[in-house]
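Q: fold the stuff below for me.
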Amino acid sequence: MAYPSMGFSRYVRRFAGLCGGLLLAACATDSAAPGPDTPDWFGQPAPHPDLLYGYGRGTSLPDARAEALQDLGQQRSVWVRSAVESRTRRGAGEPSERSYRQQIRLHARQRLDHARRDRVAERGARFYVRWRLDLRPAWAVLAENLRAEWAGEPARIRWRGPAGLTGAPLVRRLDRALTGGGDDVREVALSLDRRDGDWIYRADGVQLPLADTLAAVDLSGYARGGLRLRAVSAAGRPLGKRLRAGRTFHLRVTGGSPGDRCTLFDLYPDGRVSVLAGNVAIQGSTWTFPPPEGERALRATTGTENEAALDRYLAVCGPGEQDLTRFRRVAAGRGLVRGEWAYAARALLAWLEERKGHAVAVRRVLTVPG
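A: Sure thing, here's the model as predicted:
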């Protein structure tokens, strides 16, 4: 499948200034109005309700792209409002309108990573562009594309790749959606790469851009060696897996061996990786970071626009120094790691695959708005 050379989010940032934002109803045009030289695909409705088309035309290709993005932004806004109205008309026991509106808005924004420019034509002095945005979850898009690639479904799939990919929710959904037909076993290689501001997920040659790693990466398959990791208060009281934004906490590792070197990672939802503490020599079987007797503590933070955020904390302990040159460290008082170099989820998976003899513990912590 062909994808644009630049991630969808970058196109949005580049062209949104034309009308002051992505949802640009105020400067909408009649871009889909047909003309004598208009391509036959231009202005055609999408074949199903979860697929949106944005059309644009102009005297230059950038102008046509910008207009198509405006149109797509308006279509997405209509889809979000329609989804909210449909859900809030249901009976008692459903989430509040405000709560569901937030959920739908987040869902729609996450689905922007599926957008791609799939049609371009030049007629005389005008360019025509169509952007396609599939609002289905990533597993459904991949499953459809893999069926088309294979011309059928196998009886069983043997997934190959890092344990963090083969055991992830995305693969579990794909496995259920794609198996059961025929009597053959198909081997499918999985990979995750970073390109043009997006994560590119590949399964058997079929690829899909992803904005985050929540469904594609699961670190729990690396847990081994009896190591445990949990969030605790300064007094050592367990805090569970759900924290309010602003809550201070510490990470406690138990089950280690005296003399081991331990490292703590934080894998952000968007695939950035930070080293909270690196190659710390532990003296006993328990280690707490930051030390509770000091003045420092970790602070739970939400994602952009005050939305819930899922952090995946990882403790890795073993003999000898660990090579951490590929990862960024969090400096005291500096907040989150930033920059494209920090998007190191792929490097973290490769790093874990190389450390089969180390003890590993994983803790998922969900931070919700206060």
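
Q: ok, the closest residue to residue 247 other than its chain neighbours - contacts?
A: Of all residues not flanking residue 247 in the chain, residue 300 sits nearest, at 4.6 Å (C-beta to C-beta, 6 or more residues apart in numbering). No exception for glycine: its C-beta is placed from N, CA and C like everyone else's. Contacts here follow C-beta atoms under 8 Å, 6 or more residues apart in numbering; on that basis residue 300 touches 243-249, 365, 367.

Q: residue 317 contacts residue 226, correct?
A: No: using C-beta atoms under 8 Å, residue 317 makes no contact with residue 226, being 10.3 Å away.

Q: neighbour count: the two, which is higher?
A: Comparing residue 317 with residue 226 by neighbour count (other C-beta atoms under 10 Å), the higher total belongs to residue 317, at 23 against 12.

Q: which pLDDT value belongs to that one?
A: pLDDT for residue 317: 95.

Q: may I have the strands that pair with the host helix or strand of it, each with its orientation?
A: Residue 317 belongs to strand 309-318 when assigned by DSSP states H and E. Paired neighbours of strand 309-318 in the sheet (DSSP bridges): strand 261-267 (antiparallel), strand 359-368 (antiparallel).

Q: any idea of the mean pLDDT in the next helix or strand after it?
A: Next helix or strand after strand 309-318 toward the C-terminus (DSSP H and E): strand 328-329. Here strand 328-329 scores 90 as its mean pLDDT.

Q: which other helices and strands does the helix or strand just after strand 328-329 contact?
A: For strand 328-329, the following helix or strand on the C-terminal side (DSSP H and E) is helix 345-353. If you count contacts as 3 or more C-beta pairs under 8 Å, 6 or more residues apart in numbering; DSSP states H and E, helix 345-353 packs onto helix 163-166, strand 185-195, strand 261-267, strand 273-281.

Q: and these as CSV, adding mean neighbour count and mean pLDDT?
A: Putting the helices and strands packed on helix 345-353 into CSV (neighbours: other C-beta atoms under 10 Å; pLDDT from 0 to 100) gives the following:
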stretch, mean neighbour count, mean pLDDT
helix 163-166, 21, 96
strand 185-195, 15, 94
strand 261-267, 22, 96
strand 273-281, 17, 94
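
Q: could you dump these to CSV with distance to residue 153?
A: Converted to CSV, the helices and strands packed on helix 345-353 look like this (distance: least, C-beta to C-beta, whole Å):
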stretch, distance to residue 153
helix 163-166, 19
strand 185-195, 9
strand 261-267, 32
strand 273-281, 35
